[in-house]
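Undergrad: my questions concern the predicted model and sequence given below.
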Amino acid sequence: MDYKFNEIEKKWQKFWAENGTNEVAIDKNKPKYYVLDMFPYPSGVGLHVGHPLGYIASDIFTRYKRLKGFNVLHPMGYDAFGLPAEQYAIQTGQHPAITTDQNTKRYREQLDNIGFAFDWSRQVRTCDPDFYKWTQWIFMQLFNAWYNNDTDKAESIDTLISRFKTSGSQGINAVCDEETKSFSADEWTAMSSEKQQKELLKYRLTYLSEAVVNWCPQLGTVLANDEVKDGFSERGGFPVEQKKMLQWSMRITAYADRLLKGLDTIDWPEPVKEMQRNWIGRSEGASVKFKLEADSDSEIEVFTTRLDTIFGATFLVLAPEHELVAKITTDGQKAEIDAYQVKTKAKSERDRMTDVKTVSGAFTGAYAINPMNGEKVPVWIADYVLAGYGTGAVMAVPSGDERDYRFAKHFDLPIIQILDTQNNLEAEADPTKEGHYVNSDFINGLTYKDALPVLVAKLEELSAGKAKINFRLRDSIFARQRYWGEPVPVYFNNGLPQLIEEKELPLLLPDVDKYLPTESGEPPLARAEGWKYHGEFEYELSTMPGWAGSSWYWYRYMDARNDNEFASREAIDYWNDVDLYIGGSEHATGHLLYSRFWNKFLKDMGYVNEEEPFKKLINQGHIQGRSNFVYRVIGTNQFVSYGLKSQYGIQVLHVDVNIVQNDILDIDKFRKFLPEYADAEFILEDGKYHCGHEVEKMSKSKYNVVNPDDIIEQYGADTLRMYEMFLGPLEQSKPWNTNGISGVSNFLRKFWNLFFDEKGNFNVSDVTPEKAELKSLHKIIQKVQEDVERFSFNTSVSSFMICVNELTALKCNKRAILQDLVITLSPYAPHITEELWSLLGNEKGSLLKASYPVFKPEYLVEDSFEYPVSINGKVRMKLNLSLTLEPAEVEKVVLESADVQKHLDGKSPKKVIVVKGRIVNVVI
RNA sequence: GCUCUGGUGGUGGAACUGGUAGACACGCAGGACUUAAAAUCCUGUGACCCUUACAGGUCGUGCGGGUUCGAUUCCCGCCCGGAGUACCA
């Protein structure tokens, strides 16, 4: 019987779906394991061959763990709110929900074709009201919470209110807005409820604030940072302005420290952790206040990580946008400062970042007083100081900082040496911390380590500042002026945001006539007719950003159909957290950071158990496109093969990779590929047309997109699964190249043939297996176990090939061997193994409930070993010796052997190293 | 610039804690089957030298050093590729 993969695969996919084979339920008798894939955005183009790479790996892991006795949760769903569907809606008027439905259906078909063991009964889609109901609910919890620095966790806003009632704002150590009021308990009680609400908004973990957004007037919408390229919209190329808008934000900065520390407790790839560390950007230093010479009531606060260099500070620099600039600028300098500010505004953010070399700035005319020595220093503005970082002001120490140095040289400002080890200050700054201080008043002669505490103490004594830890992390804006997202469950009463009632959830996304902003620039939701809270109050018109739903979805899978809670206590206590999370590293500072933030918040509020949501993370590499090219002789319809192209004037054209195999063009298919090629002629090399190739992004326009459905049609899903793994290590990026796929396909056929005789009859014997057969089997049992547990899937595919080659050579058709091999292979190739499993007489669909075979090392024990014998580290010969021989005996035999004697040439060896069962090295 | 990665045959890649470099597969070459081709099967395949053959030798894991009986693996310095990030004070 031939291996008819198409029939077999369809048959078992149907069986699994009809019998709910892959559905799981809480089972307290088994240990749980949670394997999660980052859920996809269902785009209109469908899956290409690169998307399933991670899913295949996680599927193998899931099936393996099930065989090992774990109860494995392995769900899938869709991150279904997003821009492409909305953009399509704008163009066509088609409701994004319809597009999304179509796309998810298509994705589902494609995923099903690959034979994944997902529990589809738990599917979630972030755009479904019964899902986003809970996204809104979490938003409400955040609104009703504040962050208490004393307990270092979020608490209900009620605890804050009751403290306000009893003792006012005194002793409150919260993460909050800058300008909070101080008030007594009486003052609080005397406040109008409106005033109280306003005050509380400054503490809530989600709050309204003025924030700068990328506004594109032509598109009439706000764009995310990655949709803006060089100051223009990526789509359409329209100019983008910075605009201040009242926006919802999330106080993620409250968790900065915990997000940083938590990284040390999780098993994630180092690059991702590093990216998060940089993103959070913790730096230790001090804030220092410089009083203004002209007005000693005003001061400029700077942040520095080098307080020790303060005696070398010869000027201050403010960001051009700094709020004090207008106030301190002298009349004489006003024109210059204004001009500079205008110039800065005109520069795009990107220009400001890339053009690092050009020094520019302007003097405000004002002076400030260095609190340490009373020296007066000029105050400048310059665009190398960023308004958004630290306090937007720096003390410039040209001798120690390269940028300050360039600035000082350019504007001829003084440069003071502060450490005796600093050298070459005529040419460049020297940021050293070595040596002893000079020109530094009371720290002269001290080292860095000794000086720092002295300076901090002095600073506090003068109340001119304090040691401070600064973070780069900013609160994240939590609103988009878009249609296709979760509505924010808030309405406005007298301009004050109010939550809707919990029982009114979900707040459904209303229908609109068009998916564009209104004439007056309000978000699309403003178009919804009669959409008012209780028919009276204006709803929030922004929707939530793309990362809202993905910041908690893994909990929903635990109890996806629950109408009363986001997940039941029982489900959360059982499934707890994600043991293995597989996805791309592009989410390092977005999704993966927000998820950790929400998870910590939910933990603080007692809804979940773990501080960290994803114990282990693996980044699968990307599958890149591999394009093929043909070479047309200019002005003709002749195509010249790759090796001969240099002899002609040619034009390079992409050709569909699906009509090229091993870089050889299928000429007949090529003639049909495009009408203009129907009469193409060819200049061949050894009778074949060789194509050129290059690695590029997989994209339609490059004709290098490979659809998994096509591969499955031609080779089968099991081959696709194994081939994607065979391609190389999971974490590595690699171009898709079908050059080797026939090897995997051959392997599966060879495997199949083990079970059939020459006439094609199923033929498995019950004879007791030979030692060699058992050895083959147990080698693979051990190897797959080791490989899967270290996520080295490519190496087990090779080992399967070796095993089947060995068993084929042994003509092994013994049940005792083959049945265990079927189980071992089943995570990789579930369809063929399920078929053979049932042919072996097992109950249909019971393969997943089988147990992984127990590895017995005794089958691998050898009584002899072929020792490689090296002379001076070079292998010269091999000697087959009994493994019972002790090193001394091995040495004796080796030295007596004729070959070694020849090399010794009468001399006696300097040294002989014998590693039992490994190697012998004779040093002469 | 900084951080993280990686560099092994014609190609994808093996080599788990220092112990036979190149497993497995593709490709290529030769052969078998076939009227022929495809498919399939068998053999060979790191480079170079030597040899009729058997065999043997030299060089080889980006480059240069080091540690070691022994280094793709460990240490130091450099070169190149990929990813991330950046006037972060």
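TA: Yep, it's here.
Undergrad: tell me which helix or strand in chain A has the weakest average pLDDT.
TA: Counting by mean pLDDT, DSSP states H and E, chain A has its least confident helix or strand at helix A:349-354, which shows a mean of 56.
Undergrad: where are the low-confidence patches of chain A?
TA: A:1, A:212, A:219-237, A:346-357, A:686 (pLDDT under 70).
Undergrad: domains for it, by residue range?
TA: Chain A is divided into the following domains under automatic domain parsing: A:29-138+A:547-619, A:150-254+A:476-539, A:283-470, A:623-706, A:719-859, A:862-923.
Undergrad: mind checking the end-to-end distance for the first one?
TA: Looking back up the chat, that one is domain A:29-138+A:547-619. 32 Å (C-alpha to C-alpha, to the nearest Å).
Undergrad: do it and RNA strand B come into contact?
TA: Yes. Domain A:29-138+A:547-619 is in contact with RNA strand B by C-beta under 7 Å from any atom of the strand, via A:585-586, A:588-589. For every residue, glycine as well, the C-beta is placed using N, CA and C.
Undergrad: leaving out chain neighbours, which residue sits closest to the residue in the stretch 551-700 of chain A that RNA strand B sits nearest to?
TA: Residue of the stretch 551-700 of chain A nearest RNA strand B, by C-beta to the nearest atom of the strand: residue A:662 (4.6 Å). Closest residue to residue A:662 apart from its sequence neighbours, by C-beta to C-beta, 6 or more residues apart in numbering: residue A:739 at 5.3 Å.
Undergrad: what's the neighbour count on that neighbour?
TA: 10 (other C-beta atoms under 10 Å).
Undergrad: assumed it was part of a helix.
TA: Yes. Assessed with DSSP: H, G, I helix; E, B strand; the rest coil, residue A:739 lies in a helix.
Undergrad: correct me if wrong: residue A:442 contacts residue A:454.
TA: Yes. The pair residue A:442 / residue A:454 is scored as a contact, 7.1 Å apart, by C-beta atoms under 8 Å.
Undergrad: in strands, which of the residues of domain A:29-138+A:547-619 next to RNA strand B fall?
TA: Using DSSP state E, no member of those sits in strands.
Undergrad: wait, which of those residues is closest to residue A:430?
TA: Taking C-beta to C-beta as the measure, residue A:430 lies nearest residue A:589 of those, at 33.1 Å.
Undergrad: for the closest residue in space to the closest one that isn't next to it in sequence, list the residues it contacts.
TA: Spatially, and ignoring its direct neighbours in sequence, residue A:589 is nearest to residue A:279 (4.4 Å; C-beta to C-beta, 6+ apart). Neighbour list for residue A:279: A:472-473, A:588-589, A:593 [criterion: C-beta atoms under 8 Å, 6 or more residues apart in numbering].
Undergrad: likewise residue A:900?
TA: A:869, A:871, A:877, A:894, A:922.
Undergrad: is the last one in a helix, a strand, or coil?
TA: Using three-state DSSP, the three-state assignment for residue A:922 comes out as strand.
Undergrad: return the distance of it relative to RNA strand B.
TA: Distance from residue A:922 to RNA strand B, counting by C-beta to the nearest atom of the strand, to the nearest Å: 8 Å.
Undergrad: any idea how far that residue lies from residue A:890?
TA: 11 Å (C-beta to C-beta, to the nearest Å).
Undergrad: residue A:148 is in contact with residue A:154, isn't it?
TA: Yes. Using C-beta under 8 Å, residue A:148 makes contact with residue A:154 at a distance of 7.4 Å.
Undergrad: quick check: residue A:728 is in a helix.
TA: No. Looking at residue A:728 with three-state DSSP, it is coil, so not inside a helix.
Undergrad: shouldn't it be in contact with residue A:792?
TA: No. Using C-beta under 8 Å, residue A:728 is not in contact with residue A:792; the gap is 10.4 Å.
Undergrad: host element of the residue nearest to residue A:589?
TA: helix A:270-280 (DSSP states H and E).
Undergrad: now do the phi/psi pair for residue A:498.
TA: phi -130, psi 140 (degrees, to the nearest 10).
Undergrad: which residues sit in contact with it?
TA: Here residue A:498 is in contact with A:490-492, A:537 (C-beta under 8 Å, 6+ apart).
Undergrad: is any part of stretch A:865-878 close to RNA strand B?
TA: Yes. Stretch A:865-878 reaches RNA strand B (C-beta under 7 Å from any atom of the strand) through A:866, A:868, A:870, A:872-878.
Undergrad: in CSV, list these along with secondary structure and neighbour count.
TA: Listed next are those as CSV, based on DSSP: H, G, I helix; E, B strand; the rest coil; neighbours: other C-beta atoms under 10 Å:
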residue, secondary structure, neighbour count
A:866, strand, 10
A:868, strand, 14
A:870, strand, 16
A:872, coil, 12
A:873, coil, 9
A:874, strand, 8
A:875, strand, 12
A:876, strand, 14
A:877, strand, 17
A:878, strand, 13
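Undergrad: same list (the residues you listed) but as TSV, adding distance to residue A:254.
TA: Compiled in TSV, the residues of stretch A:865-878 next to RNA strand B are given as follows (distance: C-beta to C-beta, whole Å):
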residue	distance to residue A:254
A:866	65
A:868	62
A:870	63
A:872	65
A:873	60
A:874	64
A:875	63
A:876	68
A:877	70
A:878	67
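Undergrad: so which pair among those residues is furthest apart in space?
TA: Largest separation among the residues of stretch A:865-878 next to RNA strand B by C-beta to C-beta: A:866 and A:872, giving 20.3 Å.
Undergrad: OK, contacts around whichever residue of the stretch 151-300 of chain A sits closest to RNA strand B?
TA: Residue nearest to RNA strand B within the stretch 151-300 of chain A: residue A:271 (3.2 Å; C-beta to the nearest atom of the strand). Shown in contact with residue A:271 (C-beta under 8 Å, 6+ apart): A:585, A:588, A:619.
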